[in-house]
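J.: Got a sequence here, can you build the structure:
(one chain, ligands or ions: 1)
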Amino acid sequence: MTDAAWTAFDAAADRDREAKILDQFAADPDRLSRMTLEAAGLWLDLSKQSWTREAFDACLELARASGVEAARARLFGGEAVNDTEGRAVLHPALRAADGAEFRALGEPVSAEVAEVRGAMAEYATAVREGLETGATGKAFKAIVHVGIGGSDLGPRLAWDALRPLDPAIDVRFVANIDPRDMAEALTGLDPETTLVIVVSKTFTTQETLANAERAKAWLAKALPEAGREKHFIGVTAAPDRAQAFGCGRTFAFRDWVGGRYSLWSAVSLSCVIGLGPEVFGRMLDGARAMDAHFLNAPLERNAPVLMGLAQVWNVDGLKRRARSVAPYAHGLRRLPAFLQQLEMESNGKRVRRDGSPATRGTCPVVFGEPGTNGQHAFFQQIHQGPEVVPAEFVVVRRTHGDAAEAPLWANALAHGQALMQGKTTEAARAELSGLDPAEADRLAAHKTFPGDRPSTTIVLEALTPEAVGALIALYEHKTFVEGVIWDINSFDQWGVELGKVLAQAILRDVEAGGPSDGLDPSTADLLTRLMD
Ligand code: F6P
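T.: All right, here's what the predicted structure looks like:
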């Protein structure tokens, strides 16, 4: 069944490869209504993607044949969809309404989720109201959130997007093992009023443990021993390790929460404190609305499904191996980094579930910068470079205060339009009519835009907690849909392991005084230079 759908998909790609996006609006008068939709308060426009109506239908058939609906049921049903680690993947359970009855591998989990959520809210409120104090009885004014990867990017994105300009409790994030990161975060902070929250699912991550030691030493230098543990909180799926490390209190989550899908859990404790439980709850509401949409909307009106199909069409149909993302909101400036982990760690794979080579594309390179900044950097290449790089514009109507920010999002619309329509050599030449003809011809080539370059636009009314939650959940489910179509496990990350092991081996060489036998010449030379 999948083979036939892939054959039809490939045939559509062969047939429609040269079809111009702009022409499709005339060819299919329903294009706009077919390829735009509302989902959980977000507006999506996929009509500027380079698919004809027939290609769009072939993509939908591929989603059906790949069993997206059945896979979705297995995910929400708590089955072991992470089948290299034998784990359920249940981030939707973390944002479910009270009274939900999620099960992970058959075991009920919703009561525990509600309990942790309640404990977080209680603790956050006590910190915010100055009832939970530090060792010297002072209220907390700052949080240093220590974590990396999924234990950093989601909460950092949420904080940047939703933080007040002048927060009562400042939240600073430290991820890099470079001591400069921690040094910058601690600058200006008073240990007496600082809460350190160490976030690590495994509580074994080298960077996080090194930074946690630094933070612990910084606290120890200034605070009495009695009560010092009140400044040091752990968030982890391994509470024993966090306690052994010296955390005064721990908030737990389970192994069915994947790191890059974990911001709905206690991993966001810093945000729950900094933003308040009510704001965090509204973010969960937005994500839950997207879950309901993903579960209930028919495939042809299903935002994560259509976003996933646009990516599969670009990668597999048209061989476009990169995608740019430009959020037009300063608050979403870390969205590209978040998506790099979400998509590339989830779907940057080369084998299918059964271990056989993935013959299809899998995840493209995802990169980006906030708009309008990116326009003055990589946009040159997406407009005129030889490779077609599909673009994604995340447009926020009101980013700051109540006014609509036309100067901001007019730029997004203009670039989507420019990518699609381009500019012919004749039009460029006509603008150069006063020049020497040979020089005008030469310059016209430089000022020509090929056009016919695809983009998706996502519109948020404002950076509300609901919209931010819905947006992140949209990307999570889109990533899942792609994984189902490519038949890969989106929830493991074996590719990060080898580097971790070799880093430990190199550190052992450093301790031993030099490169060990058998180290390749290049690495041995670099190591010697760095040790000198
Ligand atoms: O190195 C990759 C990774 O395992 C991610 O998947 C994860 O989000 C990150 O490291 C941090 O892991 P932990 O939360 O266990 O410290």
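
J.: Please list all residues in contact with Val171.
T.: Taking CB atoms under 8 Å, 6 or more residues apart in numbering, we find Val171 in contact with Ala142, Ile143, His145, Trp159, Arg163, Ser270, Cys271, Ile273, Gly274. In short, each C-beta sits where N, CA and C put it, glycine included.

J.: how about the nearest residue to it, chain neighbours excluded?
T.: In this structure, Val171 finds its nearest non-sequential neighbour in Gly274, 4.2 Å apart by CB to CB, 6 or more residues apart in numbering.

J.: Can you pull the domain assignment for the chain?
T.: Using automatic domain parsing, the domain ranges for the chain come out as 2-79+284-488, 91-282, 497-531.

J.: Please convert the ones you listed to CSV, extending it with mean pLDDT.
T.: Output for the domains of the chain, formatted as CSV (pLDDT from 0 to 100):
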stretch, mean pLDDT
domain 2-79+284-488, 97
domain 91-282, 97
domain 497-531, 96
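
J.: Quick one: end-to-end length of stretch 252-272, please.
T.: 15 Å (CA to CA, to the nearest Å).

J.: Whichever residue of the stretch 351-500 of the chain sits closest to the ligand and Gly483: what is the separation?
T.: Nearest residue of the stretch 351-500 of the chain to the ligand (CB to the nearest ligand atom) works out as Val496 at 3.9 Å. As for Val496, its distance to Gly483 is 17 Å (criterion: CB to CB, to the nearest Å).

J.: Compare neighbour counts for these two and give me the winner.
T.: Gly483 (23 against 11; other CB atoms under 10 Å).

J.: Nearest to Glu85, out of the domains of the chain?
T.: Of all the domains of the chain, domain 91-282 sits nearest to Glu85, with 8.0 Å by CB to CB.

J.: right, is that closest one up against the ligand?
T.: Yes: legend: contact between domain 91-282 and the ligand by CB under 6 Å from any ligand atom is shown at Ile148, Gly149, Gly150, Ser151, Ser200, Lys201, Thr202, Thr205, Thr208, Gly259, Arg260.

J.: Which pLDDT does the model give the residue of the stretch 351-500 of the chain closest to the ligand?
T.: For Val496, the pLDDT comes out at 95.

J.: After the helix or strand hosting Ile143, heading C-terminal, what element do we hit next?
T.: If you go by DSSP states H and E, Ile143 is part of strand 142-146. Going down the chain from strand 142-146, the next helix or strand is helix 153-162, by DSSP H and E.

J.: quick one: that next one to strand 142-146, angle?
T.: 150 degrees (axes from the mean of the first three to the mean of the last three CA atoms, to 10 degrees).

J.: mind putting the domains of the chain in a markdown table, distance to Glu85 included?
T.: A markdown table is the format used below for these (distance: least, CB to CB, whole Å):
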| stretch | distance to Glu85 |
| --- | --- |
| domain 2-79+284-488 | 13 |
| domain 91-282 | 8 |
| domain 497-531 | 12 |
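
J.: which residues of the stretch 251-400 of the chain fall in helices?
T.: 269-275, 277-296, 303-312, 335-339, 346-347, 379-384 (DSSP state H, counting those that start in this stretch).

J.: what does the shortest one contact?
T.: When you say that, I think you mean helix 346-347. Under CB under 8 Å, 6+ apart, the answer for helix 346-347 is Arg260, Thr362, Cys363, Thr479, Phe480, Glu482, Gly483, Trp486, Ile488, Ser490, Phe491, Gln493.

J.: Show the contacting residues for the residue lying closest to the first one once chain neighbours are set aside.
T.: Think Arg260. Distances taken as CB to CB, 6+ apart place Gly150 nearest to Arg260, at 4.1 Å, with adjacent residues excluded. Contact partners of Gly150, counting by CB under 8 Å, 6+ apart, are Lys201, Gly258, Gly259, Arg260, Tyr261, Ser262, Leu263, Val267, Gln341.

J.: Quickly name whichever of these is closest to Gly246.
T.: Looking across the contacts of Gly150 and measuring by CB to CB, the closest to Gly246 is Lys201, at 18.4 Å.

J.: Report the secondary structure state of Val235.
T.: strand (DSSP: H, G, I helix; E, B strand; the rest coil).

J.: Quickly list what it is bridged to.
T.: Note on Val235: beta-bridge partners by DSSP bridges are Val199, Phe251.

J.: Count the neighbours of it for me.
T.: By other CB under 10 Å, neighbour count at Val235 equals 32.

J.: where's it relative to Phe251, distance?
T.: For Val235 relative to Phe251 (CB to CB), the value is 5 Å.

J.: out of everything not next to it in sequence, what's closest to Asn314?
T.: Using CB to CB, 6+ apart and skipping the chain neighbours, the partner closest in space to Asn314 is Arg320 (4.3 Å).

J.: ok, that neighbour touching Val389?
T.: Yes: using CB atoms under 8 Å, Arg320 is in contact with Val389, at 6.8 Å.

J.: ok so, going back, any chance of JSON lines for the helices of the stretch 251-400 of the chain, columns mean neighbour count and distance to Gly401?
T.: JSON lines is the format used below for those (neighbours: other CB atoms under 10 Å; distance: least, CB to CB, whole Å):
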{"stretch": "helix 269-275", "mean neighbour count": "27", "distance to Gly401": "18"}
{"stretch": "helix 277-296", "mean neighbour count": "20", "distance to Gly401": "17"}
{"stretch": "helix 303-312", "mean neighbour count": "26", "distance to Gly401": "28"}
{"stretch": "helix 335-339", "mean neighbour count": "22", "distance to Gly401": "21"}
{"stretch": "helix 346-347", "mean neighbour count": "24", "distance to Gly401": "36"}
{"stretch": "helix 379-384", "mean neighbour count": "17", "distance to Gly401": "27"}
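
J.: Go ahead and build a ChimeraX selection from the buried members of the residues of domain 91-282 next to the ligand.
T.: Here is the ChimeraX command that selects the buried residues among those (16 or more other CB atoms under 10 Å):
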select :148,149,150,151,200,201,205,208,259,260
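
J.: Tell me which two in the residues of domain 91-282 next to the ligand are the farthest apart.
T.: Thr208 and Arg260 (15.1 Å).

J.: returning to that earlier point: measure the residue nearest to Arg260 to Asp190 for me?
T.: Distance from Gly150 to Asp190, by CB to CB: 30 Å.

J.: hang on, the earlier thing: of all the contacts of Val171, which comes closest to Thr464?
T.: Closest to Thr464, out of all of the contacts of Val171 and judged by CB to CB, is Arg163, at 13.3 Å.
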